[in-house]
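A.B. asks: what follows is a protein structure lacking sequence information:
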């Protein structure tokens, strides 16, 4: 057991540890790291089980040099740092807070509300832009293709129509994929896993930048208009989060523009709250579900339910829905139905990741062309003709080889934006679809969606899931009514489509409470709330038996040190002593500049938090704070000589937030290296500490509930013996089958 | 400032403190306590403002002997203890957890789901019982009165009808009031504030007992059937909580029945989770709103959002709604609309509380008779006749002096159970009500509801609020359509009734997210979700400007040490040193039995938690644990002599939970007093600690997020210097106008 605690996983760079073991430099250790992070946390399936089973108590030594098991996805984990969701309550901060009057706090509170209002408004606007752009572009495309098909149906030569369709699709997708692959790869996908991680406390580089937002919006318009099996909801949620991060900081680093407002909110704690509100506003705009949005934020992100925060999030959501509806109704001249969309990921594709941007773009174009071809073939070979209703809701109904006054029902499913298809599956009267059509459609679309997964385009998973679910749900409903021959209320296949859609989506994203509310709000009917809840819970339970939800799998694949709700139940035998990393690099209250620079510059150890100790623990200081101190040359000698020295204020730290310069960019002369730095004023004098005997679940609860980044482990005398970071805890994550942790626990 | 920290408020009995200052014994100090708790936390309005304004920095000494200000409501605070929502992870516990296999934890998890299912089922059944009983009794009553009225309308002598009505009402109410006043006074009211407190961590005596449940159910049936201006929703929520507390413990102490199941869950932490589920199931049964129920539980009670817990709560809610609907549909032969009900509290009545049970019963009867009289007079003097519709929905329509084929519309409002009246206000077509009728009804019912507040009957506040709101909402809608003369969609007064009801209820209970969902789920329509949210937020903001919500006022009146979401914003200048109480009574690892008995028996100091210290802090032990140890005579001497000694197990603590015997009931002989007790195995070896310099908001966050009861304050050397308890933190509560804390902060 003791040996396990001397863990060396989660190797050097970007790690929050206080100290690295020297082991970590060199190629061989690199392999080892990769192996352990594979075996420790982010393994899936057979691979890890095998290598963990090899570890018996007698093999503790052997275990530190296991054979290398290549695992691409594991290498990524090193780049993630944590966010500081625990305020550093140093003297500067306390002084500022104490100076502030009650009115000052009121004013701050008002500003928070204003920011949330702005977030809601801007998110609504962006959602509106996406909606309108997608509708326009898809409209042009379908009109062009429809005219072409109608022209060639009579005279033959439909292959030209197919080519036109495929080329149009590929062109749209190409533009979108180029933007994403070459300019901002983080904008690929739905962005929901990234937002989840951010709210959990993991810093995902560039995830909340303005550039990401621009590429994301552009990319999702292209990919949805390009007819991929994707939706636009995830990107809307991501957009909301970016808007929130931008607005709340009152400046854009990308644009080099500082509005000098909202400076108080320039720290991780405050920013996180706003990002929650942004994500909620995004959900709200995407589905027209303000309550669902709040629940999404809380279910995915929050660890501590705060009533005032909840209200602000709610406010942002409401403004967002309102803005979207307002502008859309101006645009359409009437109210518009609210719709959902996002891109489909199926995880195994991710394992053979294409890394070169050119290839990524070509793959995306290929998928777009294949999607068009498959759709076309399906429509062409299906002979499921349905009479046109009086209240013809199909905007792009294709007659093809059907008789006059009839239309091809397969075309309704394929020749349409996904959300329209979902709506017609929900609402069209019984008999609108042939069971065979639905069956073939389900299969084809499922395969397409699986392939589309992992493309380098901005897109989401909600709508394709809903579409697949709606199709097989409706199929199920038709078959059921055939069997029972009943013509009662049970015979409306649209209801089964709704339930199927809920089941499919629930099985993929595994949300329960928030998804119920989102679906109820999106469909506008409470009647089906109860069955929806039932299938969602069932889908969750059945799904969890086999594998985790899509977002969690995605997070695992990227080896993010994600903290779940609770420590693994069987981890009580572990204590802080075994979990912590030690020894820890500590600084003295008054420390030599040279030593600080050396420690920060040491590339093999990239610490982010340092206990401050003259013997006993008396504070904790962060790398980012030290960097600011060095940059401003806050040295004791200078203070006494009064040379060009002004007192450092909290403002200086806020100005540097969040992109603190690297230590290499700060020049410290040889003379300055001999100076001393007094950390007293800047360190957090009351870091949370635990004794060495504290059990892992207890440490975990403290860490999770308070959103900590560093937890100092002390001995009886209050001396520092170790430091627990997020990664030390995430390491003991228990898979759903309990294997990983169970094996470790038994050694 | 230092003087303030030597606070002596929250006097001795029932206090969680580690140590009392000797000051606290004697009459004069009693006055002082009362004053300080008045001036400190639970003051409202003028009183406290005045006495706090007198305190200037120079008056620190004067302040400790202020003149007595009598305030009844303050005296109650002394009786509340806290609950232990932080696990005591002592050796026994850790050993048990470590022995348990992964399967064991799975099994526990399954049991939790089973319990939640049971909770949902039983809560649904109880709600069903209440619904059916109320309907039956009210049905008999109204039929009898209606026949009587019809008989006497023709021949004159309607006063006999009035008397019949008043007598019937009084009789019902008398029976209910007797049960509550004489057998279980805690069953009075809605029970929601009590549940809020319980979930917050305050032990309200007898609030989750079986007897309370029985009286509550009986009482609410009587008071609703007795025609009081009350509803039955609050009692349903309370019932759910009691059911949960009972089922999860697998035994009833009242019935002296132990099923020997679910023993693992016999501690505060686990019990709280189930009580949350029970409350949610209650809301779900009361309003048919499972999602709303979950949100209610989370909004009111939870501090830490745990996904698994949320799912279990959701499950319980769903089962509850399902059970209720299932049995009601069997009973009615069809689906039944879901309804809301609870009793009306207006706080100022509470100030002149009637304490003698007989008087309480008579007051309740008087109110019932007056309610009947007023209703009768209103019906009698109104001449608002409306034609009977074809689809006549009024079950007890009164013709009175109206022409044939018409009915008296005032009677629809008064001669009906409140939820029926609400429904007709929502759904009846325009023109069903005369504006004057509505205006007079609103006024009369408001006055009645205010008077009814504070009666010793089980009842809730939801339905009366909805009724009043619906009445003036409809009135507003009628007036608006008269002014604008429009006959568009805006002219349906039923919609205004719904919005008015939401506004009225929101302004009274100040819930936002959960109330929105509850109302949307209860009305079955998402269409009005957005306007409902808007009025709820508006009501909340406007209401908060004047006074806190009803439940919070109620909690304040009972001087409960309730912890809000955050520490007051202006409290950064306070540190743990000032907040904590000191010195603290500590025990040694191996302590003399005599000393323990003496400390526990000392009636002037009623501590509940004791740091264990040979010099440094090395653990924390609870009063309840010590009592069990004393009862089982776990003395070092006995262990060595092997006399009738078996090793104490966790089971022994669980068996004693939650009604630990008082120290007086445990006989310790003079010889035994000389024995020693080894606490090592039983104490929590890793209590959370903070350094003295920690700011109040930081202490508060730790306390609230982890649900602590005791937080040990240590010095640099890890020596115990003080103990922070819930009451030390609640003391610094900031009123909405910031006055209380502001004054303290400025001294």
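C.D. replies: Good, I have the coordinates. All values derive from a computational prediction rather than experimental measurement. Residues are numbered from 1 along each chain as shown, chains lettered A, B, ... in the order given.

A.B. asks: count the neighbours of residue A:325 for me.
C.D. replies: Using other CB atoms under 10 Å in any protein chain shown, the number of residues around residue A:325 comes to 18. Every residue, glycine included, has its C-beta placed from N, CA and C.

A.B. asks: also residue A:468?
C.D. replies: The number of residues near residue A:468, taken as other CB under 10 Å, comes to 26.

A.B. asks: residue A:449 is in contact with that one, correct?
C.D. replies: Yes. With contact defined as CB atoms under 8 Å, residue A:468 counts as touching residue A:449 (6.6 Å).

A.B. asks: how much space separates the residue lying closest to residue A:175 once chain neighbours are set aside from chain B?
C.D. replies: Residue nearest to residue A:175 in three dimensions, not counting chain neighbours: residue A:222, with 5.1 Å by CB to CB, 6 or more residues apart in numbering or on different chains. Distance of residue A:222 to chain B, computed by CB to the nearest CB, to the nearest Å: 32 Å.

A.B. asks: how far off centre is the one helix or strand residue A:222 maps to?
C.D. replies: Using DSSP states H and E, residue A:222 sits in helix A:210-225. Here the centre of helix A:210-225 is set off from its chain's centre by 16 Å, with CA atoms, centre = their mean, to the nearest Å.

A.B. asks: helices of the stretch 551-700 of chain A, start to end?
C.D. replies: A:576-579, A:593-601, A:623-631, A:636-641, A:650-656, A:670-673, A:696-706 (DSSP state H, counting those that start in this stretch).

A.B. asks: the helix ranked longest in chain A: what's the following helix or strand?
C.D. replies: Ranked by residue count, the top helix of chain A under DSSP state H comes out as helix A:102-155. Next in sequence after helix A:102-155, counting helices and strands by DSSP H and E, comes helix A:158-178.

A.B. asks: and that next one, what's buried?
C.D. replies: By 16 or more other CB atoms under 10 Å in any protein chain shown, the buried positions in helix A:158-178 come out as A:158, A:161-162, A:164-166, A:168-178.

A.B. asks: ok, then the element right after it?
C.D. replies: helix A:192-200.

A.B. asks: counting contacts, what elements does that next one pack onto?
C.D. replies: Applying 3 or more CB pairs under 8 Å, 6 or more residues apart in numbering or on different chains; DSSP states H and E, we find helix A:192-200 packed against helix A:233-249, helix A:268-287, helix A:290-300, helix A:550-557.

A.B. asks: can you put those helices in CSV and add distance to chain B and mean pLDDT?
C.D. replies: As requested, those are arranged in CSV below (distance: least, CB to the nearest CB, whole Å; pLDDT from 0 to 100):
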stretch, distance to chain B, mean pLDDT
helix A:233-249, 18, 89
helix A:268-287, 11, 89
helix A:290-300, 6, 83
helix A:550-557, 11, 78
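
A.B. asks: let me see the ranges of the helices in the stretch 301-450 of chain A.
C.D. replies: Remark: helices assigned in the stretch 301-450 of chain A by DSSP H, counting those that start in this stretch are A:307-332, A:347-351, A:357-381, A:409-414, A:418-427, A:435-452.

A.B. asks: in terms of mean pLDDT, which of the ones you listed ranks lowest?
C.D. replies: For the helices of the stretch 301-450 of chain A, mean pLDDT drops lowest on helix A:347-351, to a mean of 36.

A.B. asks: report the residue ranges of every domain in chain A.
C.D. replies: Listed by automatic domain parsing, the domain ranges of chain A are A:1-80+A:565-747, A:113-332, A:347-557.

A.B. asks: give me the angle between the longest helix of chain A and helix A:307-332.
C.D. replies: On the basis of axes from the mean of the first three to the mean of the last three CA atoms, to 10 degrees, helix A:102-155 is oriented at 40 degrees to helix A:307-332.

A.B. asks: so for helix A:102-155, what's the average pLDDT?
C.D. replies: 86.

A.B. asks: count the residues that sit near the nearest residue to residue A:448 once chain neighbours are set aside.
C.D. replies: Excluding the flanking residues, the one nearest residue A:448 by CB to CB, 6+ apart is residue A:229, at 4.7 Å. For residue A:229, the tally of surrounding residues (other CB under 10 Å) stands at 29.

A.B. asks: just the one 3 residues further on next, same as before
C.D. replies: Counted with other CB under 10 Å, the burial measure for residue A:232 works out to 34 neighbours.

A.B. asks: ok, it touching residue A:134?
C.D. replies: Yes. Residue A:232 is within contact range of residue A:134, at 6.5 Å (criterion: CB under 8 Å).

A.B. asks: so what sits against both of these two?
C.D. replies: Counting by CB atoms under 8 Å, 6 or more residues apart in numbering or on different chains, the shared contacts of residue A:232 and residue A:134 are A:220-221, A:224.

A.B. asks: tell me the SS of the closest residue to residue A:86 other than its chain neighbours?
C.D. replies: Spatial nearest neighbour of residue A:86, chain neighbours left out: residue A:708 (5.0 Å); criterion: CB to CB, 6+ apart. Three-state call for residue A:708 (DSSP: H, G, I helix; E, B strand; the rest coil): coil.
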